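K.L.:
coordinates for the following, if possible.
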Amino acid sequence: MTFNAEHFHQPRTIEELQEIVVRVDKLRALGSGHCFNNIADTPFHQASMENFKLVVGINKDDQTVTVEAGLKYGELCPWLHKQGYALHNLASLPHISIAGACATATHGSGIGIGNLAAAVTEMEMVNAAGEIITLSRKKDEDTFCGAVVGLGGVGIVTKLTLQVQPAFNMAQRVYLRLPLDALLKNFEDIMASGYSVSLFTDWQSEVINQVWIKRVTNSDGPIEAETDFYGAHSADVDRHPVDDLTAENCTDQLGIPGPWHERLPHFRMDFVPSSGEELQSEYFVPAEHAKAAIEAMQGIGSQLEPVLIVSELRSIAADDLWMSTCYQLPSIAFHFSWNLDPDGVIKVLPIVEEALRPFGARPHWGKVYTMSADEVRILYPKFKDFRELLNEVDPSGKFRNDFLQQTFFD
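P.N.:
You can find the predicted model right below:
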């Protein structure tokens, strides 16, 4: 993503951040920059939270950890594991900032497991007046549920408190060439076959290319693979989600146990993630429509082939966060990694969106989509409440950019 801010700030203290907020008329916060649209962009002032990356501490009684907003998951998790704790889930990349991931409802995968924002129990931010305010689930439940997935419009988040749980070990196995008919007949069982399950496909044949299954284990030795997983066979070497790429930047597979934070992501923190330069889109379909949506996608696969790198399907639990893509709906995420071909991608996105429209698909806030603001608004029961919240906490629109203006106000 290329940003267009005329003024770029890197405050080192909360006092510096407060001074910037008070001084300027328009300001957007920037996390790790892992977005593929203009949600974090502005032509005016942009404040990077890169210097806010401390672990504030653990509350063992509440089983929470408090961190500064610029900390990345890959920086927090090894430290947290050494303290004997784990987060409930992680995204496929550990390279993303915690605050940015939560603000856009970024997620991992798992039946009954919520997105990353679902772990937030308290948040500290600098509001439009430059004041430090704190919201918590216990004390400010309604406003809190509106602010967590705040899309950068409620305030500049400086600290987050996250629910943790006892640390655990995991092992993952990859299975190849799952027949599509077997997936459709056994979809719920397949998606529930591990703590976290991902399906990778290119929509070009009657098979799912790869099934990644991550399971909790207490074993010290490798977890044996099923000889026949619904017609798929186990991989005998580590795999990359894209069949023709090397797996050196992927987390260990072949059933080898390891800490939760070294198995839940697909990619290792110490390697360059994913396949390089690309665009991404993602749509969240209510789980009850998953099989029909898969069939709809299969019907347009040939039209995606010129620009599609790989597609991933994951499950995410419902939550109560107003602007979460899984608000009140357990969902299946249809993710698309595209070639870096903006013109080609823009041509196929309406085809994808038309196929998924009957199922009420919600687009990921930080990825590329072409759905109109009117289409997006009707998908969120709390849309009007969120707009009122933005007006209440930021009446002058200091934190508002083109993305927020067009999505919520125009």
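
K.L.:
only C-alpha atoms from now on, for both contacts and neighbour counts.
P.N.:
OK.

K.L.:
now E388, what's its secondary structure?
P.N.:
Here E388 is recorded as helix under DSSP: H, G, I helix; E, B strand; the rest coil.

K.L.:
how near is it to R377?
P.N.:
Taking CA to CA, to the nearest Å as the measure, E388 falls 14 Å from R377.

K.L.:
for the residue nearest in space to the middle of the chain, give its distance to F284.
P.N.:
Closest residue to the average C-alpha location of the chain: T106 at 1.9 Å, with CA atoms, centre = their mean. Look at T106 and F284: by CA to CA, they are 11 Å apart.

K.L.:
overlap in contacts of those two?
P.N.:
Any residue near both T106 and F284 by CA atoms under 8 Å, 6 or more residues apart in numbering counts here, and that gives H364.

K.L.:
and the lengthiest helix in the chain, which residues are buried?
P.N.:
Taking DSSP state H as the assignment, the helix of the chain that covers the most residues is helix 342-356. The neighbour-count check on helix 342-356 (16 or more other CA atoms under 10 Å) flags 345, 348-349, 352-353, 355-356 as buried.

K.L.:
what average pLDDT does that helix get?
P.N.:
The average pLDDT within helix 342-356 is 98.

K.L.:
that helix - contacts with which helices or strands?
P.N.:
helix 290-298 (3 or more CA pairs under 8 Å, 6 or more residues apart in numbering; DSSP states H and E).

K.L.:
and after the helix it packs on, which helix or strand comes next?
P.N.:
Tracing the chain C-terminally past helix 290-298 and defining elements by DSSP states H and E, one meets helix 301-304 next.

K.L.:
where exactly do the strands run in the stretch 51-200 of the chain?
P.N.:
55-59, 64-68, 85-86, 120-126, 132-136, 156-163, 165-166, 169-179, 196-201 (DSSP state E, counting those that start in this stretch).

K.L.:
cool, and the stretch 251-400 of the chain?
P.N.:
So, for the stretch 251-400 of the chain - with DSSP E, counting those that start in this stretch - the strands run 258-259, 279-286, 308-316, 331-338, 362-363.

K.L.:
reformat these as JSON lines; add mean neighbour count, distance to V237 and mean pLDDT.
P.N.:
Below are these laid out as JSON lines (neighbours: other CA atoms under 10 Å; distance: least, CA to CA, whole Å; pLDDT from 0 to 100):
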{"stretch": "strand 258-259", "mean neighbour count": "21", "distance to V237": "17", "mean pLDDT": "98"}
{"stretch": "strand 279-286", "mean neighbour count": "24", "distance to V237": "27", "mean pLDDT": "98"}
{"stretch": "strand 308-316", "mean neighbour count": "23", "distance to V237": "20", "mean pLDDT": "98"}
{"stretch": "strand 331-338", "mean neighbour count": "24", "distance to V237": "23", "mean pLDDT": "98"}
{"stretch": "strand 362-363", "mean neighbour count": "25", "distance to V237": "34", "mean pLDDT": "98"}
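
K.L.:
adding distance to K398, write those strands out as JSON lines.
P.N.:
Listed next are the strands of the stretch 251-400 of the chain as JSON lines, based on distance: least, CA to CA, whole Å:
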{"stretch": "strand 258-259", "distance to K398": "42"}
{"stretch": "strand 279-286", "distance to K398": "28"}
{"stretch": "strand 308-316", "distance to K398": "33"}
{"stretch": "strand 331-338", "distance to K398": "32"}
{"stretch": "strand 362-363", "distance to K398": "25"}
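
K.L.:
and S48, which of those is closest to it?
P.N.:
Across these, S48 has its closest neighbour in strand 279-286 (22.3 Å, CA to CA).

K.L.:
show me what that closest one is packed against.
P.N.:
Looks like strand 279-286 contacts strand 331-338, strand 362-363 (3+ CA pairs under 8 Å, 6+ apart).

K.L.:
domain ranges for this protein?
P.N.:
Here the domain parsing of the chain from automatic domain parsing is 48-166+380-408, 169-363.

K.L.:
can you give me the end-to-end span of the shortest one?
P.N.:
Domain 48-166+380-408 has its terminal residues 24 Å apart, counting by CA to CA.

K.L.:
roughly how far is it from the heart of the chain?
P.N.:
From the chain centre to the centre of domain 48-166+380-408 is a distance of 12 Å (CA atoms, centre = their mean, to the nearest Å).

K.L.:
just to be sure, E224 is in a strand?
P.N.:
No - under three-state DSSP, E224 falls outside any strand and is assigned coil.

K.L.:
residues near it, how many?
P.N.:
Neighbour count for E224, taken as other CA atoms under 10 Å: 12.

K.L.:
and it, its phi and psi?
P.N.:
Geometry field for E224 lists phi and psi as phi -70, psi 150, criterion degrees, to the nearest 10.

K.L.:
where's it relative to P257, distance?
P.N.:
In terms of CA to CA, E224 sits 11 Å off from P257.

K.L.:
excluding chain neighbours, give the residue nearest to L304 in space.
P.N.:
V348 (6.4 Å; CA to CA, 6 or more residues apart in numbering).

K.L.:
in the protein, where is pLDDT below threshold?
P.N.:
1, 272-276 (pLDDT under 70).
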